[in-house]
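Participant: Provided below for reference: sequence and predicted model.
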Amino acid sequence: MESIEEAKKRCRRVMERVERLDTSKITTSCKGTLLKLAISELNFLSSTHLHQSLPLSVNIGHLEAVVHILEQPFITGVSRVCKPIPLSPRTGNGEESDCCGAKGVYLDIVCTLNRNPVWFLVSDRNPKYVSWEGCSGCKGLRTRIQEVLDAARSSLALMPSSVILFFCNGLEHHVRLKLQDEFAAYDCAVEFPDCSFEFLEEAESEWINVLARSYQGACILEMKVDHVGGPSVLDRDLKDSTPDDVGTDISERHIDTSLGASFFSLISGMKFCPLHVEELGDLLHQNDLINFDTTALISIVSGISNGGTDKLLAAPETETRRRFKGNYKFVVAQVLSEIENPIHLELSGVVSGKRGIICETVRSEFKELVLMCGGPKEKQRADRLLKRLM
């Protein structure tokens, strides 16, 4: 049985690890949330009513796992941790939500994984106590997963391409089969480290303690949002839909998923509002407008910003030089900049919930550049993007 002092030590180590998280990949508010949870756990363990003889019921293992995921280099763009996401009581097709409504649904991590938006659910429970159907008024795993997937399909601004389930201590075989059969869950292709190591130097000792947490028995499953349980926001027929809080372009009958999940997530987070000339005066006095220039528009639709970096870097240098000629150094610089700071991720926080506007000169320049230099996918993205702008 773990001692109270050992549990306290784990809390302090989690707090130190949270402090070390790079602010370029996680917001200050998210770090603050994790610190508050760790401090709350530490305060609980420090309370006088706990007795060494009683078994401990602690949440520090869950926080350790969340931080372990956040420490991985392929995790970026962390926008929410250990909180519910606020949702509209209506789903993306205008129907009443039957699961979580305006209360939202709890998520452990909202982030991007290898440049794709994902949601994480993390469990540190003993697999024996992970119930599929639930009992005694408690939600089972099945209900919780269904609520999260329904929320994912209805959340245009935060819509993930996948939901990832991270079971730290594994999962019983029959529950895993249920997830595979009912939700098309499969083993996550991304490899997470099997262990998390921390080195602790004792204040009055020459010894250095190695604190390790093993995830060798973890079960990590992924569910594609648009492949589970019927139509999703990505492929739903939008002909009869009405704009929701963040907007839906009802003139687009279908949305092509091949244009890129991060591209769709970016533009769907913007408000869509058909503009009438007589409304222009009132609109200009509002504070939710954002003006795009030609460079920003090109960056949004460019193949480099939509998953093309790996292909360009993998190509032989001679081929790349021949393709881009005098622009070779500029293109390589753009690729490296995109890898370090993905443009869709940077812009998403700026444009979310706002109306995009452009002047006629920018519109003409953008269309001309795309027509002359754009590939098929870039031209399709440009068309989608212009339909979002006023």
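Facilitator: Great, that's in hand. Because the structure is predicted, anything quoted here is derived from the model rather than measured.

Participant: By residue count, what's the longest strand in the protein?
Facilitator: The longest strand of the chain (DSSP state E) is strand 75-85.

Participant: Quick check: buried residues in it?
Facilitator: 75-82, 85 (16 or more other Cβ atoms under 10 Å). Glycine gets a C-beta too; all of them are placed from N, C-alpha and C.

Participant: all strands of the protein, in order?
Facilitator: Using DSSP E, strands in the chain cover 75-85, 105-113, 116-123, 162-167, 186-187, 195-201, 208-214, 219-224, 289-291, 355-357.

Participant: got the contact list for Ser123?
Facilitator: 62, 130, 165-169 (Cβ atoms under 8 Å, 6 or more residues apart in numbering).

Participant: again, only this time at 7 Å
Facilitator: Taking Cβ atoms under 7 Å, 6 or more residues apart in numbering as the criterion, Ser123 is in contact with 130, 167-168.

Participant: Then Thr76?
Facilitator: Thr76 neighbours (Cβ under 7 Å, 6+ apart): 25, 111-112, 345.

Participant: Any stretches of the chain with poor pLDDT?
Facilitator: Filtered on pLDDT under 70, the chain yields the residue ranges 1-2, 48-58, 87-103, 136-137, 156-157, 195-212, 227-258, 272-287.

Participant: Closest to the centroid, which residue in it?
Facilitator: Cys111 (2.9 Å; Cα atoms, centre = their mean).

Participant: Spatially nearest residue to Arg80 (excluding sequence neighbours)?
Facilitator: Val110 (4.0 Å; Cβ to Cβ, 6 or more residues apart in numbering).

Participant: give me the beta-bridge partners of that neighbour?
Facilitator: Beta-bridge partners recorded for Val110 (DSSP bridges): Arg80, Trp119.

Participant: neighbours of it, just the number please.
Facilitator: Using other Cβ atoms under 10 Å, the number of residues around Val110 comes to 20.

Participant: ok, and for stretch 374-390, which residues are buried?
Facilitator: 374, 377-378, 380-382, 384-386, 388-389.

Participant: Distance from the chain centre to it, please.
Facilitator: Stretch 374-390 sits 24 Å away from the centroid of its parent chain (Cα atoms, centre = their mean, to the nearest Å).

Participant: picking that back up, highest neighbour count among the contacts of Thr76?
Facilitator: Cys111 (26 neighbours).

Participant: that older thread, which one of the contacts of Ser123 has the most neighbours?
Facilitator: Phe167 (25 neighbours).

Participant: Would you mind measuring from Arg20 to Ile26?
Facilitator: 11 Å (Cβ to Cβ, to the nearest Å).

Participant: hang on, the residue nearest to the centre of the chain packs against Gln72?
Facilitator: No - here Cys111 lies out of contact with Gln72, judged by Cβ atoms under 7 Å, at a distance of 10.1 Å.

Participant: Might you report the residue contacts of the nearest residue to Asn291 once chain neighbours are set aside?
Facilitator: Once flanking residues are discounted, Asn291 sits nearest to Ile357: 5.4 Å by Cβ to Cβ, 6+ apart. By Cβ under 7 Å, 6+ apart, the contact set of Ile357 is 289, 291, 389-390.

Participant: looking at the strands of the chain, which is closest to His173?
Facilitator: Proximity to His173, assessed across these by Cβ to Cβ, is greatest for strand 219-224 (10.1 Å).

Participant: Listing partners with orientation, what would you give for that closest one?
Facilitator: Strand 219-224 has these strand partners (DSSP bridges): strand 162-167 (antiparallel), strand 186-187 (antiparallel).

Participant: picking up where we left off before, kindly provide the distance from the residue nearest to the centre of the chain to Asp310.
Facilitator: Taking Cβ to Cβ, one finds Cys111 at 20 Å from Asp310.

Participant: Could you do Cys219 as well?
Facilitator: Counting by Cβ to Cβ - Cys219 and Asp310 are separated by 28 Å.

Participant: How about Arg142?
Facilitator: 37 Å.

Participant: Please say which of the two ends up with more neighbours.
Facilitator: Arg142 (17 against 12).

Participant: Please look at that one and Trp132 and confirm they touch.
Facilitator: Yes - using Cβ under 7 Å, Arg142 makes contact with Trp132 at a distance of 5.4 Å.

Participant: what's the overlap in contacts for these two?
Facilitator: Counting by Cβ under 7 Å, 6+ apart, the residues touching both Arg142 and Trp132 are Lys178.

Participant: give me the number of residues near Ser337?
Facilitator: 15.

Participant: Okay, the closest residue to Phe167 other than its chain neighbours and Glu133: tell me how far apart.
Facilitator: Nearest in space to Phe167, with sequence neighbours left out and distances taken as Cβ to Cβ, 6+ apart, is Cys219 at 4.2 Å. Distance, Cys219 to Glu133, by Cβ to Cβ: 19 Å.

Participant: Neighbour count: these two, which is higher?
Facilitator: The neighbour comparison of Cys219 against Glu133 (other Cβ under 10 Å) goes to Cys219, with 22 against 10.

Participant: quick one on the thing from earlier: just the closest of the contacts of Thr76 to Asp124, please.
Facilitator: Cys111 (18.8 Å).
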